[in-house]
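*Asks:* fold the following.
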Amino acid sequence: MRIASLVPSATEALFALGFGDLVVAVTHECDHPDEAQGLPRLTRSVLPSGLGPEEVDARVREITGRGEALYRLDEAALAELEPDLIVTQALCAVCAVSYDDVRAVAGRLRSRPSVVSLDPKRLGEVLDDLVRLAGACGDRERGVALRNRLEARLARLREATSGAWRPRVLALEWLDPPYVGGHWVPEMIDAAGGTGVVGGAGVDSRTATWEELTASHPELVVAMPCGLHVEEAAEQALSRRERLEALGAERLVAVDAAGSFSRPGPRLVDGAELLGHLLHPDRVAEPEDLGWRELTPATGRA
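*Replies:* Predicted coordinates for the structure are as follows:
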């Protein structure tokens, strides 16, 4: 089988399931695991580089408002690879090539590939998709085994934080304008022993006013700009430190959103464990090799 992965979370899942040797091409954003970085790239973004978060938001709204795509798919390169399976998503128009475009291209390919769309909104659906993806690759039991291992880790995390004080956590998936975390993020906060504020589990991320965010009285603010790694997230948060500190939280932390929060794949469990450590360091050990930065001024530490 030859697999083309058109979304980073699918690429991560395929390698975690042990199907990495079947993957023949990925997207321009697929940076994990290391083995994926040497594969042919099938996509590119139409957004110019160097834009600030407010400019990115404005350009995205402008382009999608015209009904145009944010990504370009190299159909000629895909045709040459003759995939048997294409893995994509239809959940977010900002995150990957349009699902309708992928279906149309797949119908024109000589190899007549199957198309699997992974569109989870809840943490449990992310884990269930691992089973579905493994089944599409011919070995469903690999998915069952991986899902069981990840569920066991989440169960241990919930047990470790059971009965503890649950701090109020505000997850910001974009900073200008502010977007509050939805989909699986509130469930990650809950599993970590926190109380999510403003955002809702299983619903789309949404914009909020700074007044609404202040009124939520967060104790921990987590900057997780969608698709960005920790240093970029920290840079954006620090450039808006005054605004973020005005929310009144005791702590401000930047995390690796691209690695363990915004992509609905196996590493969401790593992100939940990191939140557990941030909220309850006496109960949850710090995960290894997971980027995050404490941005709280020394005078403001709880």
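
*Asks:* partner strands of the helix or strand where Val253 lies, with direction?
*Replies:* Using DSSP states H and E, Val253 sits within strand 251-255. Based on DSSP bridges, the pairing partners of strand 251-255 within the sheet are strand 220-223 (parallel), strand 292-294 (antiparallel).

*Asks:* could you report the pLDDT at the closest residue to Ala16 other than its chain neighbours?
*Replies:* For Ala16, ignoring the flanking residues on the chain, the nearest one in space by Cβ to Cβ, 6 or more residues apart in numbering is Pro266 at 4.6 Å. The C-beta positions use only the backbone N, C-alpha and C, and glycine is treated the same way. Taken from the predicted model, the pLDDT recorded for Pro266 is 97.

*Asks:* show me what contacts Pro266?
*Replies:* 12-13, 16, 130, 146, 150 (Cβ atoms under 8 Å, 6 or more residues apart in numbering).

*Asks:* how about a cut-off of 7 Å?
*Replies:* Each residue near Pro266 by Cβ atoms under 7 Å, 6 or more residues apart in numbering is listed here: 12-13, 16, 146, 150.

*Asks:* how about Gly18?
*Replies:* Contacts of Gly18 (Cβ under 7 Å, 6+ apart): Arg142.

*Asks:* what kind of secondary structure is it in?
*Replies:* Put simply, Gly18 is coil when judged by DSSP: H, G, I helix; E, B strand; the rest coil.

*Asks:* go through this protein and flag its longest strand.
*Replies:* Taking residue count as the measure and DSSP state E as the definition, the longest strand of the chain comes out as strand 168-175.

*Asks:* follow-up on the earlier one: out of the strands paired with strand 251-255, which one sits most buried?
*Replies:* Most buried of the strands paired with strand 251-255, by mean neighbour count (mean count of other Cβ atoms under 10 Å): strand 220-223, with a mean of 26.

*Asks:* so which residues make contact with that one?
*Replies:* Strand 220-223 is touched from outside by 167, 169-172, 175, 233, 237, 244, 247, 249, 251-255, 278-279, with contacts defined as Cβ under 7 Å, 6+ apart.

*Asks:* secondary structure class of the residue lying farthest from the centre of the chain, three-state.
*Replies:* Relative to the mean C-alpha coordinate of the chain, counting by Cα atoms, centre = their mean, the farthest residue is Arg110 (32.7 Å). Under the three-state scheme (three-state DSSP), Arg110 adopts coil.

*Asks:* do you know how far it is from Tyr99?
*Replies:* Arg110 sits at a distance of 21 Å from Tyr99 (criterion: Cβ to Cβ, to the nearest Å).

*Asks:* same deal with Pro266?
*Replies:* Separation of Pro266 from Tyr99 (Cβ to Cβ): 22 Å.

*Asks:* kindly report the same for Thr161.
*Replies:* Applying Cβ to Cβ to Thr161 and Tyr99 gives a distance of 37 Å.

*Asks:* what's the burial count for the closest residue in space to Arg243 that isn't next to it in sequence?
*Replies:* The shortest distance from Arg243 to any residue that is not its chain neighbour, by Cβ to Cβ, 6+ apart, is 6.6 Å, and that residue is Trp210. Residues contacting Trp210 under the criterion other Cβ atoms under 10 Å number 13.

*Asks:* for Trp210, give me phi and psi.
*Replies:* phi -60, psi -30 (degrees, to the nearest 10).

*Asks:* need the pLDDT of it.
*Replies:* Looking at Trp210, its pLDDT reads 96.

*Asks:* now it: how far from Asp176?
*Replies:* As for Trp210, its distance to Asp176 is 11 Å (criterion: Cβ to Cβ).

*Asks:* go on, Pro8?
*Replies:* 23 Å.

*Asks:* which of those two has more neighbours?
*Replies:* Taking Pro8 and Asp176 together and counting by other Cβ under 10 Å, Pro8 has the greater number of neighbours (25 against 17).

*Asks:* identify the residues contacting that one.
*Replies:* Pro8 makes contacts with 27, 29-30, 263, as judged by Cβ under 7 Å, 6+ apart.

*Asks:* mind checking how far Asp176 is from Asp190?
*Replies:* For Asp176, the distance to Asp190 equals 27 Å [Cβ to Cβ].

*Asks:* returning to what we had before: so Thr161 and Tyr99 - more neighbours on which side?
*Replies:* Summary of the neighbour comparison: Thr161 and Tyr99, criterion other Cβ under 10 Å, with Thr161 having more neighbours (21 against 17).

*Asks:* tell me, what residue is most central in the chain?
*Replies:* Per Cα atoms, centre = their mean, the C-alpha nearest to the average position across the chain is that of Ser262, at 1.6 Å.
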